[in-house]
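1. no sequence on this one, just coordinates:
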C-alpha cells in the first residue's frame with residue numbers, strides 16, 4: 001500500500017474540501033469541521049477503502065440502497081460507510097461527504113468483518129475501478145482525508161487496507177492504485 005498513490009507527500013488543493021493537509025500533523029482549522037465528527041471519537045485502528053462498483057452515486061442514493069438491505073432478517077441502519085467521495089456523477093468530483101456514522105461515531109457496516117466494522121473507518125469512492133481508475137480530484141481528496149484521519153486517530157500505515165485485503169472481494173477494483 002505504501003508504494004501506491006496513497007503515499008504521496010504532495011496533496012494538490014481541491015476546492016471541494018479546502019486546503020491540503022500536510023502528512024504528519026493535525027490540520028486543525030485547515031480541515032472541514034464535518035471531518036471531526038460531532039461525538040467523542042471511537043477507537044479507530046484502520047481505514048478500509050472501497051469503490052461503489054457503480055458509475056454514479058451519492059450519499060443519499062447509497063443510504064437509500066442500504067436501508068433496503070437486511071442481515072439475518074434485521075434491517076440495516078442505512079449507509080455503511082463513514083465517508084463518501086464523489087466522482088462528478090451524483091456528487092461533485094472530489095467532494096468528501098461524511099455520513100451519519102461518522103458524525104455520530106458509530107460502527108461501520110462495510111467490511112464484512114466484525115473488527116474492521118467496529119474499529120475501521122469506511123471510505124467509499126463513487127466509481128467502478130475495475131473499468132476505469134479514479135479521477136485525479138477524487139484521489140487528491142482521498143489522500144487529504146487519509147492524511148487527516150491517520151494523524152488525528154494515530155492510525156499506522158499498516159492500518160490502511162483495501163476491502164479486498166480483509167474479505168474475498170474485488171473491491172476497491174483492480175484499477176484502484178493501492179500499490180504500484
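-> Sure thing, it's come through. Predicted, not measured: the structure shown is a model, and the values here were computed from it. Numbering: from 1, shown residues only.
2. give the burial count for residue 167, as a bare number.
-> By other C-beta atoms under 10 Å, 14 other residues sit near residue 167. The C-beta positions use only the backbone N, C-alpha and C, and glycine is treated the same way.
3. same question, residue 43
-> With other C-beta under 10 Å as criterion, residue 43 counts 8.
4. please name the nearest non-neighbouring residue to it.
-> Once flanking residues are discounted, residue 43 sits nearest to residue 119: 6.0 Å by C-beta to C-beta, 6 or more residues apart in numbering.
5. the one you found and residue 106, how far apart?
-> Separation of residue 119 from residue 106 (C-beta to C-beta, to the nearest Å) stands at 12 Å.
6. could you do residue 35 as well?
-> Counting by C-beta to C-beta - residue 35 and residue 106 are separated by 16 Å.
7. for those two, indicate the residue with more neighbours.
-> residue 35 (19 against 16).
8. verify the stated contact: the more buried one with residue 147.
-> No - assessed by C-beta atoms under 8 Å, residue 35 is found out of contact with residue 147, at 11.0 Å.
9. how about the nearest residue to residue 164, chain neighbours excluded?
-> residue 171 is the one closest to residue 164 (C-beta to C-beta, 6+ apart), at 5.4 Å.
10. swap in residue 50?
-> By the measure of C-beta to C-beta, 6+ apart, the closest residue to residue 50 outside its immediate chain neighbours is residue 124, 4.3 Å from it.
11. reduced to three states, what does that neighbour come out as?
-> strand (DSSP: H, G, I helix; E, B strand; the rest coil).
12. can you find the helix or strand in this protein with the smallest mean pLDDT?
-> Within the chain, no helix or strand scores below strand 70-71, which has a mean of 86 by mean pLDDT, DSSP states H and E.
13. quick check: phi and psi at residue 166.
-> phi -120, psi -10 (degrees, to the nearest 10).
14. gap between it and residue 57?
-> Residue 166 is 22 Å from residue 57, by C-beta to C-beta.
15. got the buried residues for the helix or strand containing residue 149?
-> Using DSSP states H and E, residue 149 sits in helix 136-153. The neighbour-count check on helix 136-153 (16 or more other C-beta atoms under 10 Å) flags 137-153 as buried.
16. how about stretch 115-127?
-> Using 16+ other C-beta under 10 Å as the test for burial, stretch 115-127 gives 116-117, 119-127.
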